[in-house]
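Participant: predicted coordinates and the sequence they were generated for:
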Amino acid sequence: MLAEKVSISLPAPLLEFVEHYKESHALKSRSKVIEMALERLQQESLEAAYRQAAAEDVDPAFDVTTADGLRDETW
């Protein structure tokens with residue numbers, strides 16, 4: 001994946017954490033640590049959206065469309 005260069009400012013304790021994490025997990029760069037953290041946030045956000053969608057009531061008309069005459073067959 002192509003990466004774009006950005007500049008961020010972090011409080012000293014967070015920067016120290018990023019540096020420690022990089023060293024203790026043998027990562028090549030601080031950018032990799034931040035990339036991993038952002039991917040985790042993205043995953044958590046997606047999971048929350050799926051949980052919310054699963055908790056919503058399903059329109060009764062949907063049940064009619066699922067019974068459209070097709071069987072559970074492998075095509």
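Facilitator: Now that the structure is in, tell me what you want to look at.

Participant: in the chain, which spans are helices?
Facilitator: Assigned helices in the chain, in chain order: 12-24, 30-55, 60-66 (criterion: DSSP state H).

Participant: what angle sits between the second one and helix 12-24?
Facilitator: So that's helix 30-55. Following axes from the mean of the first three to the mean of the last three C-alpha atoms, to 10 degrees, one obtains 100 degrees for the angle between helix 30-55 and helix 12-24.

Participant: what's the burial count for A37?
Facilitator: A37 is flanked by 13 other residues according to other C-beta atoms under 10 Å. Every residue, glycine included, has its C-beta placed from N, CA and C.

Participant: how near is it to I8?
Facilitator: Distance of A37 to I8, computed by C-beta to C-beta, to the nearest Å: 12 Å.

Participant: thinking again about what came up before, closest one to E4 among the helices of the chain?
Facilitator: Closest of the helices of the chain to E4 is helix 30-55, at 10.8 Å (criterion: C-beta to C-beta).

Participant: helices or strands up against the closest one?
Facilitator: Other helices and strands packing on helix 30-55, by 3 or more C-beta pairs under 8 Å, 6 or more residues apart in numbering; DSSP states H and E, are helix 12-24.

Participant: the helix it packs on - contacts with which helices or strands?
Facilitator: helix 30-55.

Participant: how far off centre is the helix it packs on?
Facilitator: Distance of helix 30-55 from the chain centroid (C-alpha atoms, centre = their mean, to the nearest Å) equals 3 Å.

Participant: list the buried residues of it.
Facilitator: Within helix 30-55, the residues scored as buried using 16 or more other C-beta atoms under 10 Å are V33, I34.

Participant: any idea of the mean pLDDT for it?
Facilitator: The average pLDDT for helix 30-55 rounds to 94.

Participant: this completes my enquiry, with thanks.
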